[in-house]
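S.K.: Give me a model of this one.
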Amino acid sequence: MKNVKFLLKCILALLPILAVMCFTAALPFGYMDIEYPSWKYTKEVSDDIKSVSSGTTLVLGDSRAMADIMPSEAADETVVNLAVGGATSIEMYYTLENYIKNNGNPGKVIIMFAPFHYTIIDNFWTRTAYFNYLSVADMKDLYSYAKAADSETLLRAGYQNDLISYRTRFPDKYLPALLNSHFVGRYSDNSNKYNELLSEHGYGEFGTEQGCSALNYETGYEHMHTTGDAVLLDIYMNRLLKLCSDSGIETTLLVPPMNESSYNALKASYVAEFSDYLNTLQIKYPAILIDGNIPCYDDMYFGDASHLNREGAIIFTRSLF
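M.R.: Next up is the predicted model:
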């Protein structure tokens, strides 16, 4: 009898935690930050069967691709922008793989990442893991490569416990956001953002200034990184390009535009190493068009140091289609 009472007390003590976990899983729009809707949009498009029309051109990449390519300005083509802020070749590989499983091959693919995202992982824990973007199977596959590459970011101390906490929506990871948002305080903003993404087919602004002369991340680098993270990103860039090539998808890899201030401040050594890396990829994947040119746009077309504003996005998109 004592054991039964003790068990009941344990269950009652756990009920608040279980309730928070259920709420966290059921209503992410209520507490997640404003980045979440774009990841939800991309996941839904890649996971849902026949969610888009055949012959669609997919845009894959990070925030620069998301802010720089505007599907509504693509003349005579159906374009869906699946790029998300902070993404790397890791997330975009699984996005395309899942899209193909559910929808078949897209008509075309445009791949575009900021140069620093070829060697630096900066949002895995705050975006990919936090948003539970990858399935359990995809995460298992990813970690087999992360261990082989000795990725310092993915294999951080205590990563196994962190992964379990994120997957189960345990309060130790989400309670701060829940409290800061009063559980549902961000629902309206996230819903509005998601609806904007639906209407814009994935396009989303990051900087809204009418011109910016600040310097982007790449201006601070003299060389490309060569850490375990860089090795892992190289593995996944190759997996992504091989998937496109093996699937016979017409694919173009581009470098996003830079504002004139940043372009002029780039270190020659960094540009040379980045160019050599893209040339190596071009040799390995001759069927893919890899344009290593870094477009330089006037500062007036940038909403912040890294992203085109709406006017700049219109001009850049029209130059592609």
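S.K.: mind listing the strands for this protein?
M.R.: With DSSP state E as the criterion, the chain has strands at 57-61, 79-81, 108-112, 250-254, 258-259, 289-290, 296-297.
S.K.: The ones you listed: which one's closest to Y217?
M.R.: Y217 lies closest to strand 258-259 among those, at 10.4 Å (CB to CB). Backbone N, C-alpha and C define where each C-beta goes, glycine included.
S.K.: Pull the distance from the closest one to the chain's centre.
M.R.: Taking CA atoms, centre = their mean, to the nearest Å, one finds strand 258-259 lying 20 Å from the centre of the chain it belongs to.
S.K.: That strand pairs with which strands, parallel or anti?
M.R.: The pairing partners recorded for strand 258-259 under DSSP bridges are strand 296-297 (parallel).
S.K.: if we can go back for a sec, who wins for proximity to P28 among the strands of the chain?
M.R.: Of all these, strand 79-81 sits nearest to P28, with 21.2 Å by CB to CB.
S.K.: Show me what that closest one is packed up against.
M.R.: strand 57-61 (3 or more CB pairs under 8 Å, 6 or more residues apart in numbering; DSSP states H and E).
S.K.: what angle separates the strand it packs on from strand 250-254?
M.R.: Angle, strand 57-61 to strand 250-254, by axes from the mean of the first three to the mean of the last three CA atoms, to 10 degrees: 40 degrees.
S.K.: what helices or strands is strand 57-61 leaning on?
M.R.: So strand 57-61, by 3+ CB pairs under 8 Å, 6+ apart, packs with strand 79-81, helix 89-103, strand 108-112.
S.K.: Looking at the strands of the chain, spot the one closest to S306.
M.R.: Among these, strand 258-259 sits nearest to S306 (CB to CB), with 8.1 Å.
S.K.: Next one: the residue lying closest to D150 once chain neighbours are set aside from L254, what distance?
M.R.: Distance criterion CB to CB, 6 or more residues apart in numbering; nearest residue to D150, sequence neighbours excluded, is G228 at 3.9 Å. Distance, G228 to L254, by CB to CB, to the nearest Å: 27 Å.
S.K.: Y36 now?
M.R.: 27 Å.
S.K.: returning to that earlier point: what about the residue nearest to D150, how many residues close to it?
M.R.: 19 (other CB atoms under 10 Å).
S.K.: again, but for E311
M.R.: Neighbour count of E311, defined by other CB under 10 Å: 14.
S.K.: Let me see the contact set for it.
M.R.: By CB atoms under 8 Å, 6 or more residues apart in numbering, the contact set of E311 is Q210, Y301.
S.K.: M112 versus that one, what's the distance?
M.R.: Applying CB to CB, the value for E311 to M112 is 19 Å.
S.K.: ok so, going back, quick check: which of the helices and strands packed on strand 57-61 is buried the most?
M.R.: Comparing those by mean neighbour count (mean count of other CB atoms under 10 Å), strand 79-81 ranks first with a mean of 25.
S.K.: partners of that strand, with directions?
M.R.: Paired neighbours of strand 79-81 in the sheet (DSSP bridges): strand 57-61 (parallel).
S.K.: Let me see the contact set for the residue nearest to D150.
M.R.: By CB under 8 Å, 6+ apart, the contact set of G228 is A149, D150, S151, E152, L155.
S.K.: among these, which ones are buried?
M.R.: Taking 16 or more other CB atoms under 10 Å as the criterion, what is buried in those is A149, S151, L155.
S.K.: one step back: got the strands of the chain as TSV, with mean pLDDT columns?
M.R.: Listed next are the strands of the chain as TSV, based on pLDDT from 0 to 100:
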stretch	mean pLDDT
strand 57-61	98
strand 79-81	97
strand 108-112	98
strand 250-254	98
strand 258-259	98
strand 289-290	98
strand 296-297	98
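S.K.: and those as CSV, adding distance to I120?
M.R.: Below are these laid out as CSV (distance: least, CB to CB, whole Å):
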stretch, distance to I120
strand 57-61, 15
strand 79-81, 22
strand 108-112, 16
strand 250-254, 18
strand 258-259, 17
strand 289-290, 20
strand 296-297, 22
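S.K.: picking up where we left off before, go through the contacts of G228 and name the one nearest K267.
M.R.: E152 (23.6 Å).
S.K.: wait, what's in contact with the closest one?
M.R.: Contacts of E152 by CB under 8 Å, 6+ apart are T227, G228, D229.
S.K.: nearest spatial neighbour of the first one, skipping sequence neighbours?
M.R.: Of all residues not flanking T227 in the chain, E152 sits nearest, at 6.0 Å (CB to CB, 6+ apart).
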